[in-house]
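S.K.: next input, structure requested:
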Amino acid sequence: MPLPTPGGRDAPVPADDAGVSFIMPVLNEARYLRRSVASTLSQEVPGPVEIVLALGPSTDATNVIARELAASDDRIVLIENAAADIPVGLNLAIGASRYPTIVRVDAHSELAPGYTRRALDTLRRTRAANVGGVMSADGRSPFQRAVARAYNSRVGLGGGAYHGGSHEGPAESAYLGVMRRAVLDEVGLFDESIRRGEDWELNLRIRRAGYRVWFDPTLSVVYWPRESWTRLVRQFRATGAWRGELVRRYGRGNSLRYFAPPALLAASGISVVTAVAQVARRRGGPASLLHLPVAAYAALIAVVALGRGGGRGWRDKAWTAAVLPSMHVSWGAGFVWALFHGARDTVDTSRLRGRNTPLP
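M.R.: Below is the predicted model of the structure:
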């Protein structure tokens, strides 16, 4: 048997054939659900498997599709998630599941072949409590592909390991996650008062309990981002707001990279005020140096958009140049607002149609 990785407590290692429970909160995913479930059930896993779908009150054909899938495969279990919050759905799905290893799956994603088997091997080898891999964003339309390029870029989402890391090792958090139920029972499940960033908070508790959270770059999950600019902005504003709430709650437990978008917002505000004052006085002077942070950011976006990471043609590059600041500014605006006021009942309405209810 391989030796555990030094440092931290060792998570229990169940028998190879003890079984795996996939859990998936679902809302308005009619375009993606069939492929997501298919990629999950095609995973080669020793022992029994099940997938528990926590169905929110979708307004498209999602729940009809889910019932059709369940009727054709007894490994699919359906439960209702009337509250529709992601952490509530995850906890309901965990409670309805049976096996000692929990694999979180997003209905907006597809597991690569061999993902679960490799994750189980990594859990066993490292004795980690949770292991995750790379979010490999992809798109079908020019806009969605631009968002995917931003997700896959270190400039886009701040350089977290699961957005393109290549070195295996201990991690702050894990994308989706393959988790040991025994550790979840010990530290508690997802915090249902946190609507975004619930995975980061859970991994913080896992690490504070002494267990390892592990990043393995050989694990890959295809993620399909939002399909329109307005939905992207709404998503990132809500995500930024909940990061601001997590900073209020956990302070230094948050990485410095989370402060980059609000710092950009502050620098932009200073630059605008300085520009207005300079126009009024009709002179530049040393105050012009206050424009440098924003100028440096604009140059960085231009370098990314015009380079290989910006796509192939001029339209791809233009979309990339528009998407990156849209993500950063909306995230930063949500962060600043919540830092002072708290996230309160902020929700991500990017998958809804004209409704503002507590849905993921």
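S.K.: would you confirm that residue 206 contacts residue 214?
M.R.: No. Under the contact definition of C-beta atoms under 8 Å, residue 206 does not touch residue 214, with a separation of 10.6 Å. All C-beta spots, glycine's among them, are computed from the backbone N, C-alpha and C.
S.K.: now do the strands in the stretch 101-250 of the chain.
M.R.: Here the stretch 101-250 of the chain has its strands, by DSSP state E, counting those that start in this stretch, at 101-104, 109-111, 130-137, 169-170, 178-180, 213-223.
S.K.: can you give me the helices for the stretch 251-360 of the chain?
M.R.: Assigned helices in the stretch 251-360 of the chain, in chain order: 260-281, 292-306, 314-341 (criterion: DSSP state H, counting those that start in this stretch).
S.K.: looking at those, which is buried most?
M.R.: Per-residue neighbour counts averaged over each of the helices of the stretch 251-360 of the chain give the maximum for helix 314-341, namely a mean of 20 (mean count of other C-beta atoms under 10 Å).
S.K.: before we move on, the earlier item: for the helices of the stretch 251-360 of the chain, which one sits closest to residue 218?
M.R.: Relative to residue 218, the nearest member of those by C-beta to C-beta is helix 292-306, separated by 26.3 Å.
S.K.: who touches that closest one?
M.R.: Residues external to helix 292-306 that are found in contact with it (C-beta atoms under 8 Å, 6 or more residues apart in numbering): 153, 155, 264, 267-268, 271, 310, 317-318, 320-321, 324-325.
S.K.: run the chain-centre distance for it.
M.R.: Averaging C-alpha positions (C-alpha atoms, centre = their mean, to the nearest Å) puts helix 292-306 25 Å from its chain's average.
S.K.: same check on stretch 110-118?
M.R.: Using C-alpha atoms, centre = their mean, the mean C-alpha position of stretch 110-118 is found 18 Å from that of the whole chain.
S.K.: any low-confidence regions in this structure?
M.R.: Low-confidence segments of the chain, defined by pLDDT under 70: 1-7, 158-166, 351-360.
S.K.: which residues touch the most centrally placed residue in it?
M.R.: Relative to the mean C-alpha position of the chain, the nearest C-alpha, by C-alpha atoms, centre = their mean, is the one of residue 175, at 6.2 Å. Contact criterion C-beta under 8 Å, 6+ apart gives 132, 133, 134, 135, 162, 199, 221 as the residues in contact with residue 175.
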